[in-house]
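> Below is the sequence, then the predicted model.
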Amino acid sequence: MSQIDPILGFDPWFLYPPKNIYEIKHTDHYIKHGEKKKASRKIYQKVEYDEYENDGIQNLKAEMDKQNIQLPKEYNFYIIFFQKFQVIFFVFFVQKKNNSWRRSDYLKMCYCGRFDIKKDLKAALDFIEWKQNINMHTLDEKSLQLLKSGMIYLLGRDNQYRPIIYLDCTKINMKSDGEETIMRSLCVFLDMIRKYMFLDYYVENWIMVIDTGGLGVFGLPMKGLKLIVGGMQINYCATMDKMYILNPSFGLSSTWSVIKGFIDPESLEKMSVLKKKEYNLMQQRIPARYIEKKYGGEHEDITQYWPPVNVYCKENEKHLLINYVEIVKEIQDK
């Protein structure tokens, strides 16, 4: 039975994580390492927080309560189809659900603000404003076409079932597409990944591959990249596990060799700038079958970007995967 997601416009059944995802066991270092403001955390669900983190949560919660800040609601989206006079009509409407804010959201805002209460609160306010902006969680025709163009697309998972996101810098055009269209495309795309491909504790992060297209330092769409990366830092805080920057120009490679000396080790560990002869290094994390041939992998180069290509399971496995997902949801809801 087809279950069309009214926002995405297709049935995303094949994006659900596989059954053996429960075999994943994260190391303590991966979950969280470092102390206090210098700490880094990648896993927020089904794990314990330390005393400093709990204090940060309590301080932020108290400040938000003091200022009577309303927490964001979750939404259900529906489309009803009907026919009249041989014309098909559809009605799109939204229903608010209960408060969607979790204890982990407080902690993520603390990490965004590095446990500075003013910065934590600013991050929380920005996040809530974005969360309640329905435009950022629905597609219009322009944002849909941008997804179809392949500005950003999905292909496969890494060895720990983290989704692989590709960003094509040559297709980022702030002038022709505009800030809102780019952000709508990005947010619906990333909402999809969090909703269908993440699973508390087991998968809470993704891998990002940025193809610069050989553009030089001054040719890169810096405003667009800043918009995208900035939006991800607040709205999708603590989800980046690794970033690969591919196809750098000579100028970009030279610049990188200088600026990486000024980047903190934690951030530097997440980033790799790879020339063509180094593309094979991605296969240390990503199976070759999920990497396009142009990047040294085995998969044919993608030409259909949206909906995402199903490279995960066969159609005849659908009922097994859906039954498994329903059981998982029942367990998580209890």
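Looks like it arrived, so ask away.

> And residue 313, what's its pLDDT?
Residue 313 is assigned 78 on the pLDDT scale.

> sec struct for the residue nearest to it when sequence neighbours are not counted, please.
The shortest distance from residue 313 to any residue other than its chain neighbours is 5.7 Å, reached at residue 14 (Cβ to Cβ, 6 or more residues apart in numbering). (Glycine included, C-beta is placed from N, CA and C.) With DSSP: H, G, I helix; E, B strand; the rest coil as the basis, residue 14 sits in helix.

> which residues touch residue 14?
By Cβ atoms under 8 Å, 6 or more residues apart in numbering, the contact set of residue 14 is 310, 312, 313, 318, 321.

> can you list those residues in a markdown table and add secondary structure?
Output for those, formatted as a markdown table (three-state DSSP):
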| residue | secondary structure |
| --- | --- |
| 310 | coil |
| 312 | coil |
| 313 | coil |
| 318 | helix |
| 321 | helix |
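
> burial measure for residue 268, as a count.
Residue 268 is flanked by 12 other residues according to other Cβ atoms under 10 Å.

> That one and residue 277: what is the separation?
Distance, residue 268 to residue 277, by Cβ to Cβ, to the nearest Å: 21 Å.

> and residue 245, that's in a strand?
Yes: Residue 245: assigned to a strand according to three-state DSSP.

> which residues does it bridge with?
residue 210, residue 273 (DSSP bridges).

> That one and residue 210, how far apart?
From residue 245 to residue 210 the distance is 5 Å (Cβ to Cβ).

> ok, the two, which is more surrounded?
Taking neighbours as other Cβ under 10 Å, residue 245 and residue 210 compare with residue 210 leading, 23 against 19.

> doesn't residue 167 make contact with the more buried one?
Yes: Residue 210 is within contact range of residue 167, at 4.8 Å (criterion: Cβ atoms under 8 Å).

> who touches the longest helix along the chain?
Longest helix of the chain, by residue count under DSSP state H: helix 179-196. If you take Cβ under 8 Å, 6+ apart as the criterion, helix 179-196 is touched by 5, 7-8, 12, 15-16, 130, 135-140, 142-144, 146-147, 151-152, 154, 163, 165, 172, 174, 206, 224, 227-228, 231-232, 235-236, 239.

> Please apply the same query to stretch 133-144.
For stretch 133-144, contacts defined as Cβ under 8 Å, 6+ apart pick out 7-9, 75, 77, 94, 130, 147, 177-178, 180-181, 183-185, 187-188, 191, 306.
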